[in-house]
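1. Coordinates only, no sequence provided:
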């Protein structure tokens, strides 16, 4: 593979986590090539990818300008990118306490939103049998996560540092799944009515040039 671009990003078209990383790469104007792996075909478990990522999941990032340094886990990758390449603090706060708050939200996204939304999607669409109790549990957790975000974003515009950071970006793909796939049929859920601050924040982040560009690309690739 040619390494004319600085990064190689191993991702997947339908899966959310690779797109979080791509948002940051675009925001920082870093050059990268995306290799989309077919998860149904288990390309992520092939030896050449597992040699880079022993967890055998996506995303995986290789930094060719840093001795082919390889890092996996989406929010760890995002942290690496902004810590090493965002010297102007485009996507990170500048004060010490805000930096810790920013990290808090990155951890919350990866430990709270991602797993709960992922389990909801699994039990609703991919599990071998329908388990209503499991579906209800993870739908309820999805709603709870929106409540946590609403409690904060109803008082401030962004999660940390009074500006859009990588933490804000990290929520976008999974929030889309929550709204479009997990909760549409729940009578007790109306995104704009029940979570107006999260609704406004989410649409504001989606409207950023980098995010809207990549979400449009994802939509086109899903049609193929």
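-> Cool, got the structure. Remember, predicted model here, so these are calculated numbers, not experimental data. Numbers count the residues shown, from 1 in each chain.
2. And for residue 192, nearest residue in space, chain neighbours not counted?
-> Nearest-residue entry for residue 192: residue 199, 4.7 Å, with adjacent residues in sequence omitted and distances by Cβ to Cβ, 6 or more residues apart in numbering. For the C-beta atoms, the positions are set from N, CA and C on the backbone; glycine is no exception.
3. any chance you could map the helices in the protein?
-> The residue ranges that make up the helices of the chain, judged by DSSP state H, are 17-27, 47-50, 74-85, 96-108, 114-125, 132-153, 166-177, 191-194, 196-206, 209-223.
4. got the ones you listed as a markdown table, with mean pLDDT and distance to residue 56 columns?
-> Formatted as a markdown table, the entries for the helices of the chain read as follows, by pLDDT from 0 to 100; distance: least, Cβ to Cβ, whole Å:
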| stretch | mean pLDDT | distance to residue 56 |
| --- | --- | --- |
| helix 17-27 | 98 | 14 |
| helix 47-50 | 98 | 5 |
| helix 74-85 | 97 | 14 |
| helix 96-108 | 97 | 23 |
| helix 114-125 | 95 | 16 |
| helix 132-153 | 97 | 23 |
| helix 166-177 | 98 | 20 |
| helix 191-194 | 96 | 34 |
| helix 196-206 | 98 | 30 |
| helix 209-223 | 97 | 22 |
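5. Format those as JSON lines; extra columns: mean neighbour count and distance to residue 160.
-> Putting those into JSON lines (neighbours: other Cβ atoms under 10 Å; distance: least, Cβ to Cβ, whole Å) gives the following:
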{"stretch": "helix 17-27", "mean neighbour count": "24", "distance to residue 160": "15"}
{"stretch": "helix 47-50", "mean neighbour count": "12", "distance to residue 160": "33"}
{"stretch": "helix 74-85", "mean neighbour count": "20", "distance to residue 160": "12"}
{"stretch": "helix 96-108", "mean neighbour count": "16", "distance to residue 160": "4"}
{"stretch": "helix 114-125", "mean neighbour count": "19", "distance to residue 160": "18"}
{"stretch": "helix 132-153", "mean neighbour count": "17", "distance to residue 160": "10"}
{"stretch": "helix 166-177", "mean neighbour count": "24", "distance to residue 160": "6"}
{"stretch": "helix 191-194", "mean neighbour count": "13", "distance to residue 160": "23"}
{"stretch": "helix 196-206", "mean neighbour count": "17", "distance to residue 160": "12"}
{"stretch": "helix 209-223", "mean neighbour count": "13", "distance to residue 160": "18"}
